[in-house]
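Student: Provide a 3D model corresponding to the input given below.
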Amino acid sequence: MAERRFGTVEEVAAAPSRAGAFRRLLGDSRFRRLWVAQFVSGIGDWLVIGLLMPLVTSLSGGSAFAVAGILIAKIIPALLFSTVVGVLVDRFDRRRVMIAADLVRAVLALALLFTNSLWAIYLIVLLMETASLFFYPARNSLIPRLVAEEDVTSANGLAYTTQQASMLVGLTAASGILAAFDAFVRALLASNLDIVTRLVGLAAPALLGPRAGVFLDTLTFLMSAALITSIKVDARPPSAEGSRLSISLIGRDVIESFRFLRDHKELRGLLITIGVAILGGGAIIPVGLVYIQTLVGTIPFADRVQWLQQLAAAPQTFVLVCMAFGMVAGALLVPRLERAMKLQLLFAGSVAAFGVAMLGFASIQQYWVAGVFAAFAGACIATVTVAGNSYVIHTVADEIRGRVFTALESVIKVSLLLSMIVIAPLGDLLTEVATRALLGSGLAPKNIVITGPRLTLQIAGLIVIGAAIYAFRVLEWRQAEGPDESATPVPVTADGGSDDA
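Tutor: Residues are numbered from 1 along each chain as shown. Prediction:
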């Protein structure tokens, strides 16, 4: 397979201008349909969570643990099924896998209409997330089939931005979307058209009720499936040809996946870096949203702009918006940064910058400065994700790419879960110990408050920086004078090994 260097001076000189990369991508009808399908499907994926949180709160009598159960149900599939899912993604047409995932989620969403049981809701969310576990690795593996090689990083950046945007819309705008849908249904009923009465009239109680969002959720998945169906591309991986799926074949592919990661130190190092970075960095949301409420000061010029003033009055929303803005900006900048450096250097440097951003966020008193650090952290998160995805596409052969992407998704979700159940409690424990030690020894003035959230975030930031140090040790980030073999897609041999093993 032909070797490919990326990020070298020679490539930068020869590469075409990427100023219009996003314009080229969206001008391609096939990629545009995938992009819209991902956005619509992503909204549906998170819209149901935004709608279920108040429902579960009501059904559980206000239990915070019951609400947390929704997020736990979204993480469990990655723990249980990621390896097998990766094998199946690499054995079937990726386009059809995405269509099937959307259709399954549409049916499961409708099932939410018929239950008030918390356990049934958790099971449905778990099954929907299992279907999503098929969707995203299949999408990531399909992108190289739709775009030119020089546009892969730009395509990944756009896909990441879209994924984050759909999550924010699905979670934060659920009530607004539901209100608009309610108004639309009422307008239809008010038209008194016979066909409307027949089709909508009988379902009006459900369409106008608190679970009306279930219908919207189902529609998003059906729309996504229709868009993906219209994409004409041969999305069958090489491993899908000439073999029938069987339990023994799945077992062989699972073993092959572990062998592949064992034999490729740099790829394994990338996954470990992401896992450790998210273990620490995942604290910025649950802990950061508590910490931001302890800061003082105002946002400059907020009194002159009404919407900025309203945003400043809601600290938690302010932090989320700043992070979202940073994520979008970071994803859009990655293609330009890739032209100046190797992906390995971009990846490791972004992890280090993320750790510094967390330390800055946790070490200041001014409210608006925290927003700046939150935006910078968001940009670093986007850069790490896009650079990591692009690295996998450039270095992993197509026949095993789905398994690697599934492993990546699994690492992210498992690390988030560990971050939620380990980092915050550990930080609180260390805070109590440190506070007693400092105040008891007289080393700390009585007017200095060592808060739990602050120390937790500082510890988390140091964990992220530790991940960056590890990345610089194991990744080939220095510019090479000759061809960069680490950037060469590695094919898998018939016996399950790899050519470089």
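
Student: what is the burial count for residue 178?
Tutor: Here the count is done by other CB atoms under 10 Å, and residue 178 has 18 residues near it. The C-beta positions use only the backbone N, C-alpha and C, and glycine is treated the same way.

Student: find the nearest non-adjacent residue to it, please.
Tutor: Take residue 178 and drop its neighbours on the chain: the residue closest to it by CB to CB, 6 or more residues apart in numbering is residue 213, 5.0 Å away.

Student: tell me how far residue 320 lies from residue 78.
Tutor: If you measure residue 320 against residue 78 using CB to CB, to the nearest Å, the figure is 23 Å.

Student: who has more neighbours, these two?
Tutor: Set residue 320 next to residue 78 and count neighbours by other CB under 10 Å: residue 78 wins out with 24 against 20.

Student: what's around residue 234, how many residues?
Tutor: Other residues within reach of residue 234, judged by other CB under 10 Å, total 8.

Student: quick one: secondary structure of it?
Tutor: Classification of residue 234 using DSSP: H, G, I helix; E, B strand; the rest coil returns coil.

Student: contact partners for it?
Tutor: For residue 234, the residues meeting the contact criterion (CB atoms under 8 Å, 6 or more residues apart in numbering) are residue 145.

Student: if I look at it, how far off is residue 416?
Tutor: When distances are taken as CB to CB, residue 234 and residue 416 turn out to be 35 Å apart.

Student: and residue 80, by the same measure?
Tutor: With CB to CB as the criterion, residue 80 and residue 416 are 16 Å apart.

Student: who has more neighbours, the two?
Tutor: Taking residue 80 and residue 416 together and counting by other CB under 10 Å, residue 416 has the greater number of neighbours (22 against 13).

Student: check which helices and strands the helix or strand hosting residue 39 sits against.
Tutor: Assigned by DSSP states H and E, residue 39 belongs to helix 29-59. Contacting helix 29-59 under the criterion 3 or more CB pairs under 8 Å, 6 or more residues apart in numbering; DSSP states H and E are the following elements: helix 21-27, helix 64-89, helix 94-111, helix 118-146, helix 152-172, helix 174-190, helix 213-229.

Student: show me where the stretch 301-450 of the chain has helices.
Tutor: Counting by DSSP state H, counting those that start in this stretch, the stretch 301-450 of the chain forms helices over residues 306-312, 315-340, 343-362, 367-395, 398-418, 424-441, given from the N-terminal end onward.

Student: what helices and strands are in contact with the longest one?
Tutor: Read that as helix 367-395. Here helix 367-395 is seen to pack against helix 118-146, helix 152-172, helix 265-281, helix 315-340, helix 343-362, helix 398-418 when contacts are counted using 3+ CB pairs under 8 Å, 6+ apart.

Student: how does it look with 6 Å?
Tutor: When contacts are defined as 3 or more CB pairs under 6 Å, 6 or more residues apart in numbering; DSSP states H and E, helix 367-395 packs onto helix 152-172, helix 315-340, helix 343-362.

Student: so can I have TSV of those helices showing mean pLDDT?
Tutor: TSV is the format used below for the helices and strands packed on helix 367-395 (pLDDT from 0 to 100):
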stretch	mean pLDDT
helix 152-172	74
helix 315-340	79
helix 343-362	92
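
Student: what's the most buried one of those helices?
Tutor: By mean neighbour count, with neighbours taken as mean count of other CB atoms under 10 Å, helix 343-362 ranks first of those at a mean of 24.

Student: among the helices of the stretch 301-450 of the chain, which comes closest to residue 471?
Tutor: Nearest to residue 471 among the helices of the stretch 301-450 of the chain is helix 343-362; the distance by CB to CB comes to 3.8 Å.

Student: just the residues contacting the closest one, thanks.
Tutor: When contacts are defined by CB atoms under 6 Å, 6 or more residues apart in numbering, helix 343-362 is touched by residues 7, 277, 281, 337, 370, 373, 376-377, 380, 383-384, 387-388, 390-391, 454, 457-458, 460-461, 464-465, 467-468, 471-472, 475-477.

Student: what sits closest to residue 354 if chain neighbours are left out?
Tutor: Of all residues not flanking residue 354 in the chain, residue 380 sits nearest, at 3.7 Å (CB to CB, 6+ apart).

Student: from residue 150, how far out is the one you found?
Tutor: As for residue 380, its distance to residue 150 is 24 Å (criterion: CB to CB).

Student: equivalent analysis for residue 429, please.
Tutor: 50 Å.

Student: do residue 315 as well
Tutor: Where residue 150 is concerned, residue 315 sits at a distance of 42 Å (CB to CB).

Student: hang on, the earlier thing: to residue 165, which of the helices of the stretch 301-450 of the chain lies closest?
Tutor: Checking these against residue 165 by CB to CB gives helix 315-340 as the closest, at 7.3 Å.

Student: the closest one relative to helix 367-395, how many degrees between them?
Tutor: Going by axes from the mean of the first three to the mean of the last three CA atoms, to 10 degrees, helix 315-340 is angled at 40 degrees with respect to helix 367-395.

Student: which strands and helices sit next to helix 315-340?
Tutor: In terms of contact count using 3+ CB pairs under 6 Å, 6+ apart, helix 315-340 is assigned the packing partners helix 152-172, helix 367-395.

Student: try it again at 10 Å.
Tutor: Contact here means 3 or more CB pairs under 10 Å, 6 or more residues apart in numbering; DSSP states H and E; on that basis helix 315-340 packs against helix 9-14, helix 21-27, helix 152-172, helix 288-291, helix 306-312, helix 343-362, helix 367-395.

Student: dump the ones you listed into a markdown table; add distance to residue 119 as well.
Tutor: Written out in a markdown table, the entries for those read as follows (distance: least, CB to CB, whole Å):
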| stretch | distance to residue 119 |
| --- | --- |
| helix 9-14 | 54 |
| helix 21-27 | 43 |
| helix 152-172 | 23 |
| helix 288-291 | 28 |
| helix 306-312 | 38 |
| helix 343-362 | 37 |
| helix 367-395 | 33 |
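
Student: of all those, which one is nearest residue 329?
Tutor: Per CB to CB, nearest to residue 329 of these: helix 367-395, 5.4 Å.

Student: let me know the average pLDDT across the closest one.
Tutor: Predicted confidence along helix 367-395 averages 86 (mean pLDDT).

Student: if I look at residue 47, how far off is residue 58?
Tutor: 18 Å.

Student: and the two? which has more neighbours close in?
Tutor: Of the pair residue 47 and residue 58, residue 47 is the one with more neighbours under other CB under 10 Å, namely 25 against 11.

Student: my guess is the more buried one contacts residue 177. True?
Tutor: Yes. In this structure, residue 47 is within contact of residue 177 by CB atoms under 10 Å, at 6.8 Å.

Student: list residues touching both of those two?
Tutor: Both residue 47 and residue 177 are in contact with 169-170, 213, 216-217, 220, where contact means CB atoms under 10 Å, 6 or more residues apart in numbering.

Student: ok, those residues vs residue 72, which is closest?
Tutor: Of the shared contacts of residue 47 and residue 177, the one sitting nearest to residue 72 (CB to CB) turns out to be residue 170, at 18.4 Å.

Student: quick revisit: to residue 87, which of the helices and strands packed on helix 367-395 lies closest?
Tutor: helix 152-172 (22.8 Å).

Student: what's the domain layout of the chain?
Tutor: With automatic domain parsing serving as the domain definition, the record reports that the chain contains domains spanning 22-232, 248-478+494-498.

Student: what about the closest residue in space to residue 162 that isn't next to it in sequence, how many neighbours?
Tutor: Spatially, and ignoring its direct neighbours in sequence, residue 162 is nearest to residue 39 (4.9 Å; CB to CB, 6+ apart). When counting by other CB under 10 Å, one arrives at 20 neighbours for residue 39.

Student: what of the one 5 residues further on?
Tutor: Here the count is done by other CB under 10 Å, and residue 44 has 27 residues near it.
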